[in-house]
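**Q** Sequence and predicted structure, then a few things I'm wondering about:
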Protein chains: 2
Amino acid sequence: MFTMQADQGYSMRVVARRTGLSPHVIRVWERRYGAVTPGRTPTGHRTYTDADIERLQLLRDATQAGHSISRITHLSNEELRKLSTADETARPDNYSKRAAKNAAPGVVKEPARSFLESRPEVHLKRCLSAVGELDAPALEAALAQSLVALGQRLMMDEVVAPLMQQVGDAWRHGTLRIVHEHLASAIVRTFLGQIAQKQTQDPTAPVVVVTTPPGQVHEIGAMMAAATATSEGWRVVYLGANLPVEEIAAAVLHSNARVLALSMVYPMDDAHLHDDLRRLSRFLPPHVILVAGGRAIEQYASVLKDIGAIAVHSLMDLRVELEQLRKNEVRS
Amino acid sequence: MFTMQADQGYSMRVVARRTGLSPHVIRVWERRYGAVTPGRTPTGHRTYTDADIERLQLLRDATQAGHSISRITHLSNEELRKLSTADETARPDNYSKRAAKNAAPGVVKEPARSFLESRPEVHLKRCLSAVGELDAPALEAALAQSLVALGQRLMMDEVVAPLMQQVGDAWRHGTLRIVHEHLASAIVRTFLGQIAQKQTQDPTAPVVVVTTPPGQVHEIGAMMAAATATSEGWRVVYLGANLPVEEIAAAVLHSNARVLALSMVYPMDDAHLHDDLRRLSRFLPPHVILVAGGRAIEQYASVLKDIGAIAVHSLMDLRVELEQLRKNEVRS
DNA sequence: TATTGTTTGTCAAGCATTTGTCTAATTACT
DNA sequence: AGTAATTAGACAAATGCTTGACAAACAATA
């Protein structure tokens, strides 16, 4: 494995670290069973080789699997290896008390609830001022509070979506800089990723692939869609922004998805995108349903109609659509 | 104040700051073990070369990994490098007080881990297979487990960084598709954002701005740097990737940052970036310290030196630099 | 079930080695 | 003048080693 031979060999401390055994145990195994026979420095300190470390690791694994140390110290490395792999498959959860006493008890705690601001405008304002100040912790805190106070749906519709929209507008208007937009994106992205992750994932749930088509670089809409879908009980395969259509199609096929959700925000009018969307629809199997959302979908309405995509104009719309699709799913 | 005479070699003060070792230790390592043999000015003051600094950093890493200084001073740089990377795969030991006191403040003790897989390779493999399957929940779970099992440092060095690198390589090699890379990025990004957020933020802590310069689109390195800085107790202003230099400078000024950290990974050689970096340094006030890291920094070494940037070659280096800068901060 | 003897991890005392830190006096830099 | 670097020597904390002992867990028996 690591064929590193330091001229002096490894010290006790290093061996203890690499094996997870205490120096006490290492010495006592040597004294009582001759588990390893390290060399010595002129001053009496032990010096171990790579082979020594490997052997100690094997012995550790075997003892942790329940074998008594006295009976296995004479076995060869090969036999030890077989021993621990065999036991791993045999009885995975039959631990001895000795091995189990190092286990840490799990700690679960519930956050306390308090009186909270329920007007979305207020939360939005807090978020905006945090962005203006480039104050990431404040933005995180404001988002977290609004989530608790408003619930996921209201928060996404009335805080997150307007926030990103206004930040984008302010940038185009010159009131805010690109940095503000970047900062807001980074924080909101992490935040949305978090709440999407928190929902329990049912492995049997239908799959939706969420992404943005080529040329669409704004990711937040897609992330909001992903969070929404997760909370509706879908398994979400989130792919980020700006993917070639072949890649999108490959992901849909590979994940056996029922729905493909596309977010389109900016640029509002991209000539290539018309062709790309048509091409995408040809790659997709007929039973896959395409849902498109975002502020730019009006520009592509005709194409979307041609390829049989469902246009959603708000997250609420998306929720309703997903709900319907899921019902049909169960029936068939 | 920061007199960096390259032709004359580095002074003791600079070397101490760059390595995180005290002048005492540097001298005593030289006296007892001949760790380095710096030149001398006519008046007897030591003058160190870049190679000396690198060697001291390597020795520092190896000793922090538990190796006795007396046993490793004869090894070549190459051997030292292997040694400390091999040892990072070891579990942190619970027996050494000396190693514990060098640990960064603010890092909570980790739970007992007898049952948790402690080999980073295994976690990495799990993550890679989840990416291959486009299985986002599995990837999230694998990352979360590796965080608990390995701790933040090891996980970032041995799981997250190799994961993104291997996924990128596999894409260039044709083994994986772009979707895989996108999915991995999205999940890892959220994950890193989460762990950075979890650390408590001290409002009086010094501020570091983290981003990537123009043209640098890979965000993960910057996110790892952000998470590292947060765990070192800094307030982090994270700005995402690919920002114009004027924007970076504006953010630094507005947030009153002490340090600007840039991550540079890909592309490896961008002609514009040389100019951009020079321009950036002109925008920055002199008291702002620029730290650059990432796989591409070698390509820009000369520019970085010109503008007085500190190059860090690993997250460990970054940690040490930040620690030093923070100490200086407190004094003044 | 209760009682043995065995296994096995842990600890203590006492001494040697390693290693980071400190002091004091001197000289050099700014 | 005041800060920083130098040397030499000394010190203290941490670690390692050995011998011997102890107690909890285990296995086999009555």
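**A** All right, it came through fine. Numbers count the residues shown, from 1 in each chain, chains lettered A, B, ... in the order given.

**Q** Quick one: list the elements packing against the one helix or strand residue A:149 maps to.
**A** Counting by DSSP states H and E, the element that carries residue A:149 is helix A:136-150. Contact here means 3 or more CB pairs under 8 Å, 6 or more residues apart in numbering or on different chains; DSSP states H and E; on that basis helix A:136-150 packs against helix A:120-132, helix A:152-155, helix A:178-198, strand B:235-238. C-beta: built from backbone N, CA, C; applies to glycine.

**Q** in that helix, what's buried?
**A** Buried positions in helix A:136-150, judged by neighbour count with 16 or more other CB atoms under 10 Å in any protein chain shown: A:136, A:137, A:138, A:139, A:140, A:142, A:143, A:145, A:146, A:147, A:149, A:150.

**Q** which other residues reach it?
**A** For helix A:136-150, the surrounding residues in contact (CB atoms under 8 Å, 6 or more residues apart in numbering or on different chains) are A:113, A:116-118, A:120, A:123, A:126-127, A:129-131, A:155, A:158-160, A:183-184, A:186-188, A:191, A:195, B:197, B:201, B:203, B:235-238.

**Q** Put the buried members of those into a ChimeraX selection.
**A** To isolate the buried subset of these in ChimeraX, counting by 16+ other CB under 10 Å, use the following:
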select /A:120,123,126,127,130,131,155,158,159,160,183,184,186,187,188,191,195 /B:197,201,235,236,237,238
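
**Q** Whichever residue of the stretch 201-332 of chain A sits closest to DNA strand D and residue B:132: what is the separation?
**A** When scored by CB to the nearest atom of the strand, the stretch 201-332 of chain A has residue A:203 as its residue closest to DNA strand D, at 36.0 Å. From residue A:203 across to residue B:132, the span is 18 Å (CB to CB, to the nearest Å).

**Q** And for residue A:80?
**A** Applying CB to CB, the value for residue A:80 to residue B:132 is 32 Å.

**Q** sec struct for residue A:47, please.
**A** Put simply, residue A:47 is strand when judged by DSSP: H, G, I helix; E, B strand; the rest coil.

**Q** Just the pLDDT for the residue nearest to it when sequence neighbours are not counted.
**A** Ranked by CB to CB, 6 or more residues apart in numbering or on different chains and with sequence neighbours excluded, the top spatial neighbour of residue A:47 is residue A:9, at 3.1 Å. For residue A:9, the model assigns a pLDDT of 87.

**Q** And the one 5 residues further on, by the same measure?
**A** Reading off the per-residue confidence, residue A:14 sits at a pLDDT of 90.

**Q** cool, residue A:106 as well?
**A** 32.

**Q** for the one 4 residues further on, same thing?
**A** Residue-level confidence at residue A:110 comes out at 27, pLDDT.

**Q** and if you look at residue A:219?
**A** Note on residue A:219: pLDDT of 88.

**Q** does it really touch residue A:189, like I thought?
**A** Yes: with the criterion set as CB atoms under 8 Å, residue A:219 and residue A:189 qualify as a contacting pair; they are 6.5 Å apart.

**Q** Those two: which is more packed in?
**A** For residue A:219 versus residue A:189, neighbours defined as other CB atoms under 10 Å in any protein chain shown are more numerous around residue A:219 (24 against 20).

**Q** So for the more buried one, what's the nearest residue that isn't a sequence neighbour?
**A** For residue A:219, the nearest residue in space outside its immediate sequence neighbours is residue A:241; the separation is 4.2 Å by CB to CB, 6+ apart.

**Q** does the one you found count as helix, strand or coil?
**A** Three-state call for residue A:241 (three-state DSSP): coil.

**Q** Please apply the same query to residue A:292.
**A** strand.

**Q** contacting residues for it?
**A** Counting by CB under 8 Å, 6+ apart, residue A:292 makes contact with A:261, A:262, A:263, A:264, A:300, A:304, A:309, A:310, A:311, A:312.

**Q** residues touching the fifth one, list them.
**A** Going back to what we said before, that points to residue A:300. Residues in contact with residue A:300 (CB under 8 Å, 6+ apart) are A:264, A:273, A:274, A:277, A:292.

**Q** chain center to the helix holding residue A:149, what's the gap?
**A** The gap between the average C-alpha position of helix A:136-150 and the chain average comes to 21 Å, counting by CA atoms, centre = their mean, to the nearest Å.

**Q** for chain A, which spans come out with low pLDDT?
**A** Counting by pLDDT under 70, chain A shows low-confidence ranges at A:1-7, A:84-116, A:200-201, A:329-332.

**Q** Need the residue in it that's farthest from the chain's center.
**A** residue A:42 (52.3 Å; CA atoms, centre = their mean).

**Q** Now do the SS call for that residue.
**A** Assigned with three-state DSSP, residue A:42 falls in the coil class.

**Q** Report the central residue of chain A.
**A** residue A:197 (7.0 Å).

**Q** In this structure it contacts residue B:190, no?
**A** Yes: applying CB under 8 Å, one finds residue A:197 in contact with residue B:190, separated by 6.9 Å.

**Q** residues in contact with residue A:155?
**A** Going by CB under 8 Å, 6+ apart, residue A:155 touches A:120, A:123, A:143, A:146, A:147.

**Q** how about the residues you listed in CSV, adding distance to residue B:175?
**A** Supplementary listing: the contacts of residue A:155 in CSV, determined by distance: CB to CB, whole Å:
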residue, distance to residue B:175
A:120, 47
A:123, 45
A:143, 38
A:146, 43
A:147, 39
